[in-house]
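A.B. asks: Requesting a structural model of the entry that follows:
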Amino acid sequence: MEKRHITLGEFIIDNQKHFKYSSGELSRLINSIRLAAKIVNHEVNKAGLVDILGEAGDTNIQGEDQQKLDVYANDVFKSALINREIVCGIASEEEDDFITIQGKENCNSNKYVVLIDPLDGSSNIDVNVSVGTIFSIYRRITPEGTPVQPEDFLQKGNEQVAAGYIVYGTSTMLVYTTGHGVNGFTLNPALGTFYLSHPDMQFPETGKIYSINEGYYAHFPQGVKDYLKYCQAEEEDRPYTSRYIGSLVSDFHRNMIKGGIYIYPTSSKAPQGKLRLLYECNPIAFLAEQANGKATDGYQRILDLKPTELHQRVPIFCGSSIMVGKSRSLYGEIP
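C.D. replies: Numbers count the residues shown, from 1 in each chain. Predicted coordinates:
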């Protein structure tokens, strides 16, 4: 008898009991992200056929050139979340400030805020390399029925109620957690349906892959250089293999399946690190810990960091627990 595949929609319904405070909104919220992911996936897959490649001509709040697909993906996810009247606020890596959802009946009574990196690694689109979307969901902390405030978004990562990513690659996958393990769903493009393909995803305790942009080696702190030398040493279980795509979602996804560590440290070029705490590091750290991995800033747990601004940058070391632990021991004590 052929095994019946579980759809993402069925999985969400079957696991609603795990959703804290759930009365249906979180399920609807994840379904909205699923819908937006399918729309963005369609556009990504035809990027070579339409005028969607290249720069949009604007810069985002971080001063980075926006790609046309960055802007498109941002608009799609915002529309999906706003039109369904599920969230009370949205913060995006592509927006200067957070968005308060208002003007529609009962919108300010919604419980959740979403923080999103609409298209991670978008500079890779022109060369047909995998990109992704990263999302993070929190329960608001200000009173329901009032406009959202900065403190609703500036919560520690350990307060997340859900987080995940979509990787648009040779196959399109949606991977997420609500704090009860990590599960991956692969899109069947013929049917437009996500099916459970990777249940209970787990990082191997250790691995053979390290992912870092070694082009900046001269600018790294000594502790990072020491760890890279450790990875490259000729020993019984080493050297490790260097694999770096330049798309956080893609690098993290590969390392979670095969075992490895992803590093984006501070450097003389990026004294605070490059990745954003709220849009990238917190959701990735939540997924890593739920998949038996670890995530630190080199000194302490990412999920314990208190955000101070929407676009705050931090360094990150995440992946297989033994590898992250070793990098922590070589990086040094808290100054």
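A.B. asks: quick one, phi psi at the closest residue to S268 other than its chain neighbours?
C.D. replies: Sequence neighbours aside, H219 is the residue nearest to S268 in space, at 4.3 Å (criterion: Cβ to Cβ, 6 or more residues apart in numbering). Just so you know, the C-beta spots here come from the backbone N, C-alpha and C atoms, and that holds for glycine as well. In terms of degrees, to the nearest 10, the main-chain angles of H219 are phi -100, psi 0.
A.B. asks: Could you report the neighbour count for H219?
C.D. replies: The number of residues packed around H219, counting by other Cβ atoms under 10 Å, is 14.
A.B. asks: Just confirm it contacts S267, I think it does.
C.D. replies: Yes. Contact criterion Cβ atoms under 8 Å: H219 and S267 qualify, at 4.0 Å.
A.B. asks: Now do the same contact list for the residue nearest to G169 when sequence neighbours are not counted.
C.D. replies: Once flanking residues are discounted, G169 sits nearest to S130: 3.7 Å by Cβ to Cβ, 6+ apart. Residues counted as contacts of S130 (Cβ atoms under 8 Å, 6 or more residues apart in numbering) are 121, 124, 167-170, 245, 247, 249-250.
A.B. asks: Tell me which of those residues fall in helices.
C.D. replies: Using DSSP state H, 249-250 are the members of these that sit in helices.
A.B. asks: Out of the contacts of S130, flag the one nearest to R313.
C.D. replies: G121 (16.6 Å; Cβ to Cβ).
A.B. asks: OK, contacts around that closest one?
C.D. replies: 129-132, 245-250.
A.B. asks: from those residues, which ones fall inside strands?
C.D. replies: By the criterion of DSSP state E, membership of the contacts of G121 in strands covers 131-132.
A.B. asks: Please pick the buried ones from the contacts of G121.
C.D. replies: Buried members of those, counted by 16 or more other Cβ atoms under 10 Å: 130-132, 245, 247-250.
A.B. asks: Going by neighbour count, which residues in stretch 227-235 are buried?
C.D. replies: 227-228, 230-231.
A.B. asks: CA atoms of that stretch as CSV?
C.D. replies: The C-alpha coordinates for stretch 227-235 follow below in CSV (Å, rounded to 0.1, in the frame of the first residue of the first chain):
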residue,chain,number,x,y,z
TYR,A,227,39.5,28.0,14.9
LEU,A,228,40.1,28.0,11.1
LYS,A,229,43.6,26.6,11.6
TYR,A,230,42.0,23.9,13.8
CYS,A,231,39.5,23.1,11.0
GLN,A,232,42.3,22.8,8.5
ALA,A,233,44.8,20.8,10.6
GLU,A,234,45.9,17.4,9.4
GLU,A,235,44.5,15.2,12.2
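A.B. asks: Averaged pLDDT, that stretch. What do you get?
C.D. replies: Regarding stretch 227-235, the rounded mean pLDDT is 95.
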